[in-house]
Each structure stands twice: as C-alpha cells, then as structure tokens.
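>>> here is my input, please return the structure:
(chains A and B)
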Amino acid sequence: GAGVSQTPSNKVTEKGKYVELRCDPISGHTALYWYRQSLGQGPEFLIYFQGTGAADDSGLPNDRFFAVRPEGSVSTLKIQRTERGDSAVYLCASSALGGTGVREQYFGPGTRLTVT
Amino acid sequence: AQSVTQLGSHVSVSEGALVLLRCNYSSSVPPYLFWYVQYPNQGLQLLLKYTTGATLVKGINGFEAEFKKSETSFHLTKPSAHMSDAAEYFCAVSGFSGTYKYIFGTGTRLKVLA
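Numbering: from 1, shown residues only, chains lettered A, B, ... in the order given. Here you go, the predicted structure:
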C-alpha cells in the first residue's frame, strides 16, 4: 500500500518568506508527527497530532511554526518569516495504535527546505 | 530530560565483518526502543523494535539488537556486513511519560569497506 508522502520534496525560499509543507499519512493512521532533521543530526520532534488536534506541540521552536490537520488526515506545517536557520529536512511520520500500545512510526521521504 | 546516546558518529567495517552500533538511553522506566536506517536522500526505514517480552529482537536484513535494562543499552548488531548496509543508523526511544514522540540519537554512519 501507499506509504507516507510529502510535498514538495525540495523547497527553496528567500529569508522572510512564508512556506507550507504538506504530509499525506498512511490511510487509517490516526497519529501524525512532524520532525526536523538538521545536517548531521538526528530528527528532532516538532509536533504530534492525534486525529485533528495537536496532542503535543512542545517541539515547535517558536511561534513562527504552526501545523494543522483539519480533517484528521493530511497535515500542513507552516513556517512564517523563514530564517536561514530553518533550513533542514522536515520529516513527517504516521502511526496506528499497536496491540501493545506502542506506536511504530512510518516516515515519509521528507521535504528539504533551504532558506537563502 | 530523556536522551539517547549513540557512540561513534562514524563506524567503518570490512565486508563480512561484524557490525556493532551502540545505543544507550536515559530513562527511569523501560521505554520502547527502535532502530531505523536512512539511505541517502530517503526517509527512515524501521529495522527493528523492542516493546515488551524477549529482549533479543530480530529485524530485517539480518540485523538484531538486545535490550539490556541494567546497562540501559540497545546495541545493534549484524554478524556479517554487506556493502548494501552502508547507510546512517538512528536509535530512538519513545513511550516514556505517556508520550509517543520519538527521541532520536544523533546517528551513526556505517561505512563498509570492500
């Protein structure tokens, strides 16, 4: 079946511009996660949705970052007034509740954001 | 705060040699543990996971890992390296404090020498 998809795969924008990154999770997965992976680092958690609501947004670095999931499926990560430090690969993952309660996450290929 | 430490940002092994990638975590309760592999310009692919039960976990591509609570470790091994194993490997934990977000280590890049 189809995995997690993310669009665009690459995005180049100028400092100060607004960008939107899209994530299509695996069908039926109720949980959706956003991570940010900077060069040479492991992914860092940004936000987690359970259904339509953000259950945990403790990883969002500041109020320039915002994410929505209005219908409990597709999610959009929005970044206002982009800064060069926002340059990274943004990963999306989705999961379903497992039998033991563990939520194994399936990752998309990521969106590489470059802010010039 | 919870953390994951992967010792060795770069590891080189000869083809056919043992692969050992180290992962230690800090947690007051046994978490869920995962190893992911990332090939260049691709997303993360799950190799194996530990949730409960048997502490020796077998995954895909001949990899396995052993959960050792006393050492707070979850090292990844493979008896014989193959050229196709060259990639970056990430250890992750979740399930602590009622949250399902992952905390990742900084990764280990595995190089396989012919």
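
>>> who does residue 111 bridge with?
This is for chain A. A:Y90 (DSSP bridges).

>>> ah, no, chain B please
Beta-bridge partners, per DSSP bridges, of B:K111: B:S12.

>>> roughly how far apart are it and A:P43?
According to Cβ to Cβ, to the nearest Å, B:K111 and A:P43 sit 21 Å apart. Where you see a C-beta, it was placed from the backbone N, CA and C, and this is true even at glycine.

>>> do the same with B:G53
27 Å.

>>> average pLDDT for stretch B:65-73, rounded please.
Average pLDDT, stretch B:65-73: 92.

>>> distance between the ends of that stretch?
The straight-line separation of the ends of stretch B:65-73 (Cα to Cα, to the nearest Å) is 9 Å.

>>> same check, this time on stretch B:49-65
8 Å.

>>> hey, what's the residue at minimal distance from the centre of chain A bridged with?
The centre of chain A sits closest to A:W34, judged by Cα atoms, centre = their mean, with a distance of 2.9 Å. In this entry, A:W34 is beta-bridged to A:I47, A:C92, by DSSP bridges.

>>> who's in contact with it?
By Cβ atoms under 8 Å, 6 or more residues apart in numbering or on different chains, the residues touching A:W34 are A:C23, A:F45, A:L46, A:I47, A:Y48, A:A67, A:S75, A:L77, A:Y90, A:L91, A:C92.

>>> got the confidence number for the second one?
This points to A:F45. 95.

>>> returning to what we had before: nearest to A:T7, of the contacts of A:W34?
Nearest to A:T7 among these is A:C23, at 8.3 Å by Cβ to Cβ.

>>> for the residue nearest to that closest one when sequence neighbours are not counted, give me the pLDDT.
Distance criterion Cβ to Cβ, 6 or more residues apart in numbering or on different chains; nearest residue to A:C23, sequence neighbours excluded, is A:C92 at 3.4 Å. If you check A:C92, the pLDDT there is 97.

>>> do A:T116 as well
Reported pLDDT for A:T116: 97.

>>> contact residues of chain B facing chain A?
Within chain B, the positions lying close to chain A (Cβ under 8 Å from any Cβ of the partner chain) are B:4, B:9, B:32, B:34, B:36, B:41-46, B:49, B:51-52, B:90, B:92, B:94-95, B:99-107.

>>> below-threshold pLDDT in chain A: ranges please.
Where chain A drops to pLDDT under 70, the residues are A:1, A:98-102.

>>> mind jotting down where the strands sit in chain B?
B:3-5, B:10-14, B:19-21, B:24-26, B:32-38, B:44-50, B:56-58, B:64-68, B:73-78, B:87-94, B:103-104, B:108-113 (DSSP state E).
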